[in-house]
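Peer 1: here is a sequence with its predicted model. Questions after.
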Amino acid sequence: VLHSLHYFYTGSSGLTTFPEFVAVGMVDGVQMLHYDSVSKRAVAKQDWMERYTRDHPEVLERDNGNLQGAQQTFKAGVGILKQRFNQTGGAHMVQNMYGCEWDDEDGAIDGYDQYGYDGEDFLAWNMKTMTWVAPVPQAFSTKQRWNQDRADLQYNKNYQTKECVDWLKKYLAYGKSTLQRTERPRVSLLQRSPSSPVVCHATGFYPDRVVVFWRRDGQELHEQVDPGEVLPNHDGTFQVSVDLDLKAVPQEDWGRYECVVQLRGIEDISTPLDPALIRTNEGKSGLTIPIIIGVLVLLLAAAAIVGVILYKKRNASDKGHKPVASSDTSSENTEGQNPAPEAQPLTT
């Protein structure tokens, strides 16, 4: 099983209803830590994380200090990048996501560290070459400065391949009953109107590594389908939908189609495309789709607040915290037991 530890930082300006800095930590896609510039406190978001911080109170205090420093650095970073991009007013965002992945079967490890500005890639860490890569000219000066600091380059590699994984294993041990459970999905077929696609909606499953697809005569379909992204539910489980366009398919052929849901640890769930099984906007099932759409809107809004889906679509993990430092030097806090090492700023 592939496990992950992610951190997402978002610094912003020009958004009156949005905190100027938000940080979120996630283990296996489940949020376990939250910090924002309004509360100025790191808060455990899972029962197992609360137990961990009670047993190790110094960890949360260290996170608080580092994240408060990151808040100031990201605020300065937004201003600097506005200058580099010749911008004045308006809403702008700097984002950083970093972390690691660990496969508990073969021991494979991967790590990453990426920055974005206003929804576009700005800087990315290349694990193989141990260097920073700048996809835009405005990031060249930062890339050159960071690539000259050999000690910090080595530290980044050590953090992503060892320290981050060590923290991930600690969190997995504390949250074992929650993070390493398996919950069977509930599958429904939904349709807004007779001319709309039929939606195969799976919800309530855990972990998030589910595979949902349509097939015809036993063969997986790659056309006529529109897969959606896996989204979190309020209770820590997940949901996903895959649309099937049936405009060119006569109803007498519907019996050849079925939706298949695969989740490790359970048998495949196969749901035939039977009109009797489809819930629509007509009759007593009429509110089903609007409710789901409302939930998705709320989820997307929440995701926007924490900066999780704004500029990268990678299903990976992250480092134990790496709030940004206030100087141009390499990370000073390199102790292996620190879940929140500092990182370089984007400034100068």
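Peer 2: Perfect, I can see it now.

Peer 1: give me the number of residues near residue 70?
Peer 2: Residue 70: 29 surrounding residues under other Cβ atoms under 10 Å. All C-beta atoms are positioned from the backbone trio N, CA, C, and that covers glycine.

Peer 1: tell me the helices and strands packed up against the helix or strand containing it.
Peer 2: Using DSSP states H and E, residue 70 sits within helix 57-84. On a contact count with 3 or more Cβ pairs under 8 Å, 6 or more residues apart in numbering; DSSP states H and E, helix 57-84 meets strand 2-13, strand 21-27, strand 30-36, helix 47-55, strand 92-103.

Peer 1: change it to 6 Å
Peer 2: Helices and strands touching helix 57-84, by 3 or more Cβ pairs under 6 Å, 6 or more residues apart in numbering; DSSP states H and E, are strand 2-13, strand 21-27, strand 92-103.

Peer 1: so of these, which one's packed in deepest?
Peer 2: strand 21-27 (a mean of 26; mean count of other Cβ atoms under 10 Å).

Peer 1: that one pairs with which strands, parallel or anti?
Peer 2: Strands that pair with strand 21-27, judged by DSSP bridges, come out as strand 2-13 (antiparallel), strand 30-36 (antiparallel).

Peer 1: now do it and helix 47-55, the angle between them.
Peer 2: With axes from the mean of the first three to the mean of the last three Cα atoms, to 10 degrees applied, the angle from strand 21-27 to helix 47-55 works out at 100 degrees.

Peer 1: what average pLDDT does the helix holding residue 70 get?
Peer 2: Taken as a whole, helix 57-84 has an average pLDDT of 93.

Peer 1: the helices in this structure, which residues?
Peer 2: Residue ranges of the helices in the chain, as given by DSSP state H, are 47-55, 57-84, 140-147, 150-158, 164-174, 176-179, 288-306.

Peer 1: looking at those helices, which is nearest to residue 193?
Peer 2: helix 288-306 (9.6 Å; Cβ to Cβ).

Peer 1: rewinding a little: dump the strands paired with strand 21-27 into CSV; add mean pLDDT and distance to residue 96 as well.
Peer 2: Formatted as CSV, these follow (pLDDT from 0 to 100; distance: least, Cβ to Cβ, whole Å):
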stretch, mean pLDDT, distance to residue 96
strand 2-13, 94, 4
strand 30-36, 93, 13
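
Peer 1: so how many other residues sit close to residue 83?
Peer 2: Residue 83 has 10 neighbouring residues, counting by other Cβ under 10 Å.

Peer 1: equivalent analysis for the one 4 residues further on, please.
Peer 2: Other residues lying near residue 87 total 13 when counted by other Cβ under 10 Å.

Peer 1: okay, stretch 9-17 in PDB with CA atoms only?
Peer 2: Provided in PDB are the C-alpha atoms of stretch 9-17 (Å, rounded to 0.1, in the frame of the first residue of the first chain):
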ATOM      1  CA  TYR A   9       1.000  26.200   2.200                       C
ATOM      2  CA  THR A  10      -0.900  29.100   0.700                       C
ATOM      3  CA  GLY A  11       0.000  32.800   1.000                       C
ATOM      4  CA  SER A  12      -2.300  35.300  -0.500                       C
ATOM      5  CA  SER A  13      -3.100  39.000  -0.900                       C
ATOM      6  CA  GLY A  14      -6.100  40.900  -2.100                       C
ATOM      7  CA  LEU A  15      -8.600  38.300  -0.800                       C
ATOM      8  CA  THR A  16     -10.600  40.000   2.000                       C
ATOM      9  CA  THR A  17     -12.500  36.800   3.100                       C
END
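
Peer 1: what's that stretch in contact with?
Peer 2: 18, 20-23, 74, 78, 90-96, 307 (Cβ atoms under 6 Å, 6 or more residues apart in numbering).

Peer 1: of all those, which two lie farthest apart?
Peer 2: Going by Cβ to Cβ, the pair spanning the contacts of stretch 9-17 furthest: 23 and 90, at 23.3 Å.

Peer 1: re earlier: what are the buried residues along the helix holding residue 70?
Peer 2: Within helix 57-84, the residues that count as buried by 16 or more other Cβ atoms under 10 Å are 59-60, 62-64, 66-78, 80-82, 84.

Peer 1: and the angle for that helix with strand 92-103?
Peer 2: Using the same axes, to 10 degrees: helix 57-84 against strand 92-103 is 130 degrees.

Peer 1: wait, what's in contact with residue 21?
Peer 2: Contacts of residue 21 (Cβ under 6 Å, 6+ apart): 11, 37, 71, 74.
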